[in-house]
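Please find the sequence and the predicted model below.
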Amino acid sequence: MSLILGIETSCDETSAAVVRDGYQVLSNSVASQIAKHAVHGGVVPELAAREHLVALNPVLSDALNAAGVTMRDIDAVAVTNGPGLMPALLVGLNFAKGLAASHKLPLIGINHFIAHIYAAFLDDGAGRLEAPESYPILALVVSGGHTSLLLIDDQGRARLIGYTIDDAAGEALDKAAKLLGLGYPGGPVIDRIATLGNAGHFNFPRPLTGSAGKAVPEEHKFNFSFSGVKTSLLYHVARLSDNGHLEGPLLNDTVSSYQEAVVDVLCRKTIAAAKEFKAASIVVCGGVACNSRLRTLIAEEAPKNVMLYLAQRKYCTDNAAMVAGLAWHFLKNDAVSDLGIDAFARLPMITQVPFVRVAEL
């Protein structure tokens, strides 16, 4: 049995978690900074770093207490070392290094992007990862920083087959909320207001889908673009309001129609890729995977012969459970990190994932 402590500080949420043997989440403590950043309308990296410094020790104590363990019971320390905001990442990374060194524990650096995919298998996903019939897996990783499609085969080989060429879907939702004066973070409020409106009232563009009658270039067949729909919203508001303010049914229908455009693109691209690459499973993960309409539409549209795994909402947003869980697969293969490991801001090329248990890694 292995107990791994995870630390997550890639953006604006401070988290610590204890996970047993890669899947059983014993605790997952998260301290949110939403109130601190809301006044700025978005995340301020330096502020996020300072808040992580304040929150890390209390979050760590809470995670250990909730799991009923002490640092003497921990077998390794895992930490997100990228991608993310560098000031925030460095706080968590150095904190984890200190814990590992002082308690003489292995340190495992974790790629935040891959951890989001693994989050879909926490608690009860071991059997699915062991089953050859689960592969290939097509993962839609969709958040404020990422909108990508990653194809994973039964040997753990991975290939990025689609990505956003401009804004991520989460960013498009957040900026729409800011434009409409709905506050921060935008994703949850967009999701809530959209349920009050008519998604078919306004027709916002679906970029790179061919819906406008223009053929999609082959190189962008599975890529995403959300800058156009965001610009369309700007013109839409200017056309319907002299003061840039929408309210009542007009606001509700606008939000619902805008969200539908974003979600429609995500689902169209994912389903098309799943069919072309003969995916046996689809994973939907990342912060935007909390969105109610996305979860409903992808479930309705996914081919009946394809297994659909939606990450639990509590594991969609940034959390340390996915970090600690993924780290177990490194630990059991003695693939630990050096204490000199550094942080990285941008997503590197991914060619392999460590959690495919039917493979000999």
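Perfect, thanks for sending it.

Please identify the residue most distant from the middle of the chain.
residue 242 (36.9 Å; CA atoms, centre = their mean).

and that residue, what element?
For residue 242, there is no host helix or strand (DSSP states H and E).

So which residues of the stretch 251-361 of the chain form strands?
With strands called from DSSP state E, counting those that start in this stretch, the stretch 251-361 of the chain shows them at 281-285, 307-310.

Quickly list the domain ranges of the chain.
3-120+315-331, 131-311 (automatic domain parsing).

ok, and the closest non-adjacent residue to residue 159?
Of all residues not flanking residue 159 in the chain, residue 151 sits nearest, at 4.9 Å (CB to CB, 6 or more residues apart in numbering). All C-beta spots, glycine's among them, are computed from the backbone N, C-alpha and C.

what about residue 332, neighbour count?
Residues near residue 332, counting by other CB atoms under 10 Å, number 14.

Would you check that it makes contact with residue 2?
Yes. Contact status for residue 332 versus residue 2: in contact at 7.4 Å, counting by CB atoms under 8 Å.

the bottom helix or strand of the chain by mean pLDDT?
Ranked by mean pLDDT, DSSP states H and E, the weakest helix or strand in the chain is helix 34-38, scoring a mean of 78.

Next SSE downstream of the helix or strand harbouring residue 53?
Per DSSP H and E, residue 53 falls inside helix 45-67. Sequence-wise, the next helix or strand downstream of helix 45-67 (DSSP H and E) is strand 76-82.

still on that earlier bit, hey, what's the residue nearest to residue 159 bridged with?
Beta bridges link residue 151 to residue 138, residue 159 when assigned by DSSP bridges.

My understanding was that it contacts residue 161; is that so?
Yes. The pair formed by residue 151 and residue 161 meets the contact definition of CB under 8 Å, at 5.3 Å.

got any residues that touch both of these two?
Counting by CB atoms under 8 Å, 6 or more residues apart in numbering, the residues touching both residue 151 and residue 161 are 273, 277.

Between those two, tell me which one has more neighbours.
Using other CB under 10 Å as the criterion, residue 151 and residue 161 rank with residue 151 on top: 21 against 17.

residues contacting the more buried one?
Taking CB under 8 Å, 6+ apart, one finds 136-139, 158-161, 273, 277, 279 in contact with residue 151.

thought residue 280 was touching residue 128?
No. Using CB under 8 Å, residue 280 is not in contact with residue 128, being 10.4 Å away.

Name the residues contacting each of the two.
Joint contacts of residue 280 and residue 128 (CB under 8 Å, 6+ apart) are 134, 307.

Tell me the pLDDT of the closest residue to residue 338 other than its chain neighbours.
With sequence-adjacent residues excluded and distances taken as CB to CB, 6+ apart, residue 338 is closest to residue 107, at 7.7 Å. Looking at residue 107, its pLDDT is 98.

Roughly how far does residue 107 sit from residue 77?
Residue 107 sits 5 Å away from residue 77, going by CB to CB, to the nearest Å.

I'd say residue 320 and residue 25 touch.
No. Contact criterion CB under 8 Å: residue 320 and residue 25 do not qualify, at 9.7 Å.

Residue 333: neighbouring residues, count only.
For residue 333, using other CB under 10 Å, the count is 11.

cool, residue 247 as well?
Using other CB under 10 Å, residue 247 has 10 other residues around it.

Apart from its neighbours in sequence, what residue is nearest residue 260?
residue 199 (4.0 Å).

give the contact list for residue 256.
By CB under 8 Å, 6+ apart, the contact list for residue 256 reads 193-199, 201.

Then residue 188?
residue 290.

For residue 119, see how far away it is.
18 Å.

What separation do you get for the residue most central in space within the chain and residue 234?
In the chain, the residue lying closest to the centroid (CA atoms, centre = their mean) is residue 286, at 2.1 Å. Residue 286 is 25 Å from residue 234, where distance means CB to CB.

Then residue 53?
37 Å.

just to revisit the earlier point, which residues do residue 107 and residue 77 both contact?
Residues touching both residue 107 and residue 77 (CB under 8 Å, 6+ apart): 96, 100.

buried ones in the lengthiest helix in the chain?
In the chain, with assignment by DSSP state H, the single longest helix is helix 248-276. By neighbour count on 16 or more other CB atoms under 10 Å, the buried set for helix 248-276 is 251-271, 273-274.

ditto for stretch 193-207
Going by neighbour count (16+ other CB under 10 Å), the buried part of stretch 193-207 is 193-194, 197, 199, 202, 204-207.

Relative to residue 354, which of those is nearest.
residue 207 (33.9 Å; CB to CB).
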